[in-house]
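K.L.:
compute the structure for the input listed below.
(one chain, ligands or ions: 1)
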Amino acid sequence: MALTLNPADFSNLAVQAHENGVWSVTLNRPAKRNALDIDTIEELVTFFSAAPRAGVAAVVLAGAGDHFCAGLDLIEHHDEDRSPADFMHVCLRWHEAFNKMEYGGVPVIAALQGAVVGGGLELASSAHIRVMDHSAYFALPEGQRGLFTGGGATIRVTDLVGKSRMIDMMLTGRVYQGQEAVDLGLAQYIVDGSSLEAAMELAARTAQNLPLSNFAICSAVSHLQNMSAMDAAYAEAVVAGVVNTQPDARARLAAFADKSAARVRRND
Ligand code: 1HE
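P.N.:
Residues are numbered from 1 along each chain as shown. As a prediction, this is how the structure comes out:
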């Protein structure tokens, strides 16, 4: 059942394991502003398909260079001159990768800088946590390019900012950045320094949770959102039945009972 992930198997992604179980997955075509070509999408599918069974405790998803990701590789798309069916299948592979991220059960923390645009925003919105620095900006330039979103923005970006803002972004090419982007939900954190460093810290903290708890948080919440309230409440109870009785949790509960565990305190 256990799988192994070999960093040498990836080339458009730079993949690295850290000793605390955190892995970094870095879009590694900075000369092309990390535009998403077919090979990159296939490497994302490969990595995120294996990660839940390869002992990956958390992932930091980043982009090499000054920009996180420029979205769909427009040059490849132009050169391939795809048929409607071809491009539908391209989009289905994007969904395969992004659904594996969102529903896979492994926390994915995106470290954002520069352009997070088009398909780059679709990719970022599939992560569970987004950390941006002050250079990061978000846009959906599809409308201006004669295109439409195909990697899940209609679902995930709409979830983050609401339908009207999503439509405005697509119609007008509106750019969001800075604190406003956080206030709207495009990112959860904005940091003065490096978003990568901050994302690594969050990932390290996340990796201290029990894997089964993280699995439930990073798969059940998304699945439950897709259900009716009645069914979601039922499924939540079933998930909690499994997670909240896991043997590995007993030591943590015992530590709370004997007062050795940290208490939850307000931020000073
Ligand atoms: C690219 C791409 C790309 C750059 N596909 N090659 N996405 C967009 O509409 C965004 C398009 N990109 C840009 O607006 C800018 O490139 C950036 C703001 C991201 C960066 O600007 P800059 O000045 O740093 O770089 P540049 O000079 O524009 O580009 C540098 C190189 O990257 C250049 O290649 P070169 O070989 O001429 O050096 C660019 O061609 C290349 N490059 N972006 C291919 N996107 C499933 S549907 C999803 C639909 C979408 O995602 S639509 C949104 C597409």
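K.L.:
look up how far Pro211 lies from the closest residue to the ligand within the stretch 101-250 of the chain.
P.N.:
As assessed by Cβ to the nearest ligand atom, the ligand sits closest to Gly118 within the stretch 101-250 of the chain, at 2.4 Å. No exception for glycine: its C-beta is placed from N, CA and C like everyone else's. Distance of Gly118 to Pro211, given as Cβ to Cβ, to the nearest Å: 33 Å.
K.L.:
and these two? which has more neighbours close in?
P.N.:
Gly118 (26 against 18; other Cβ atoms under 10 Å).
K.L.:
spatially nearest residue to the spatially most central residue of the chain (excluding sequence neighbours)?
P.N.:
Centroid-nearest residue in the chain: Ala127, 1.4 Å away (criterion: Cα atoms, centre = their mean). Leaving aside its chain neighbours, Ala127 sits nearest to Ala110 (3.8 Å; criterion: Cβ to Cβ, 6 or more residues apart in numbering).
K.L.:
my guess is that neighbour contacts Ala62, does it?
P.N.:
Yes. Counting by Cβ atoms under 8 Å, Ala110 touches Ala62, with 7.4 Å between them.
K.L.:
out of these two, which sits in the more crowded spot?
P.N.:
A count of neighbours by other Cβ under 10 Å puts Ala110 above the other of Ala110 and Ala62, at 29 against 25.
K.L.:
next, give phi and psi for that one.
P.N.:
phi -90, psi 130 (degrees, to the nearest 10).
K.L.:
wait, what's in contact with it?
P.N.:
Contact analysis of Ala110 by Cβ atoms under 8 Å, 6 or more residues apart in numbering lists 60-62, 68, 123-124, 127, 129-131, 199.
K.L.:
which of these fall within strands?
P.N.:
Counted as lying in strands by DSSP state E, out of those, are 60-62, 129-131.
K.L.:
farthest pair within these?
P.N.:
Ala62 and Ile129 (12.7 Å; Cβ to Cβ).
K.L.:
overlap of the contact sets of the two?
P.N.:
110, 199.
K.L.:
what about stretch 24-40, near the ligand?
P.N.:
Yes. Shown here: stretch 24-40 in contact with the ligand (Cβ under 6 Å from any ligand atom) through 32-33, 35.
K.L.:
flag every buried residue along that stretch.
P.N.:
24-29, 32-37, 40 (16 or more other Cβ atoms under 10 Å).
K.L.:
please apply the same query to stretch 5-14.
P.N.:
By neighbour count on 16+ other Cβ under 10 Å, the buried set for stretch 5-14 is 5, 10, 12-13.
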